[in-house]
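> would you be able to build a 3D model of this:
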Amino acid sequence: MSLRALRDRPFELLRELERRSRSAVSGGEAPSVEEWIGVAFRMGPEHFIAPRAQVREVLPVPEQLTRVPGASGWLRGIANVRGHLLPVSDLRALLGGSGGGRERRARVLVVNHREVPAGLIVDEVHGFRRFLPEEFQDESPPTIARAEPWLDGAYRRGGETWPVFDLQALVESERFQQAADT
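Just a heads-up that it's a prediction; the model follows:
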């Protein structure tokens, strides 16, 4: 497929560019090993990883957020992102911890979901991480952030553990959907 045909579909364009780059590096053949790719991020002292397909984009925390009257404290407000309204939530506060996202490195993970627009503030984004299938374990470790209901296993490499955070399950959950302050 030509790159020009993909110019209106940025995610597919990036995927094709990545495929071509890997092919060029490997001497024309695509690697035979399937890798799992995720977006690594930090909340407090803990590191997590979200499936790449669940993250539409990563943004700086908007300077202007419009508060929503009667909303829970974890719903920080609504941001205007390139002409579209995006609800922005503090992920650490949503999970019951102290509010985060006030650090200079804080970012917003925009969840890739057709029906639920959502931006989640995290303390830092580390970029992409790649894992081999044999590095995955079904069991999720306990977390300080109390994220267990939304964890889907973990990848382990060396001494590091990367719990897989299911962002789509979070934004579809009743807890997230009921943002009114009670």
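> would you check that D138 makes contact with G153?
Yes: using CB atoms under 8 Å, D138 is in contact with G153, at 5.0 Å. The C-beta positions use only the backbone N, C-alpha and C, and glycine is treated the same way.
> comparing these two, which shows the higher neighbour count?
G153 (15 against 7; other CB atoms under 10 Å).
> how far off centre is the one helix or strand that one maps to?
G153 is part of strand 151-157, with elements assigned from DSSP states H and E. Chain-centre distance of strand 151-157: 15 Å, with CA atoms, centre = their mean, to the nearest Å.
> ditto for stretch 62-78
Between the centre of stretch 62-78 and the centre of its chain there are 20 Å (CA atoms, centre = their mean).
> quick one: contacts of it?
Residues from elsewhere that reach stretch 62-78 (CB atoms under 8 Å, 6 or more residues apart in numbering): 79-81, 85-90, 93-94, 99, 101, 108, 121, 179-182.
> again, 10 Å this time
Stretch 62-78 has contacts (CB atoms under 10 Å, 6 or more residues apart in numbering) with 61, 79-81, 85-97, 99, 101, 108, 117-121, 175-176, 178-182.
> among those, which are in helices?
With DSSP state H as the criterion, helices contain 91-94, 175-176 from among these.
> ok, and the most crowded of those?
The most crowded member of the ones in helices among the contacts of stretch 62-78, judged by other CB under 10 Å, is L91 (28 neighbours).
> so what's the residue nearest to I37 when sequence neighbours are not counted up against?
Among residues not flanking I37 along the chain, R52 sits closest, at 4.6 Å (CB to CB, 6 or more residues apart in numbering). R52 makes contacts with 11, 15, 36-39, 112, 128-130, as judged by CB under 10 Å, 6+ apart.
> from these, which has minimum pLDDT?
Of all those, F11 has the smallest pLDDT value, namely 77.
> that one falls within a helix, correct?
Yes: counting by DSSP: H, G, I helix; E, B strand; the rest coil, F11 is part of a helix.
> by contact count, what packs against the worst-scoring helix or strand of the chain on mean pLDDT?
Of all helical and strand segments in the chain, the minimum by mean pLDDT, DSSP states H and E falls on helix 10-25, at a mean of 78. When contacts are defined as 3 or more CB pairs under 10 Å, 6 or more residues apart in numbering; DSSP states H and E, helix 10-25 sits against strand 55-60.
> keeping just the C-alphas, turn the strand it packs on into PDB.
The C-alpha trace of strand 55-60 is given here as PDB (Å, rounded to 0.1, in the frame of the first residue of the first chain):
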ATOM      1  CA  VAL A  55      -4.000   5.100  23.500                       C
ATOM      2  CA  ARG A  56      -5.000   7.600  20.800                       C
ATOM      3  CA  GLU A  57      -2.400  10.200  21.700                       C
ATOM      4  CA  VAL A  58      -0.300  11.700  24.500                       C
ATOM      5  CA  LEU A  59      -0.800  15.400  25.300                       C
ATOM      6  CA  PRO A  60       0.700  17.800  27.800                       C
END
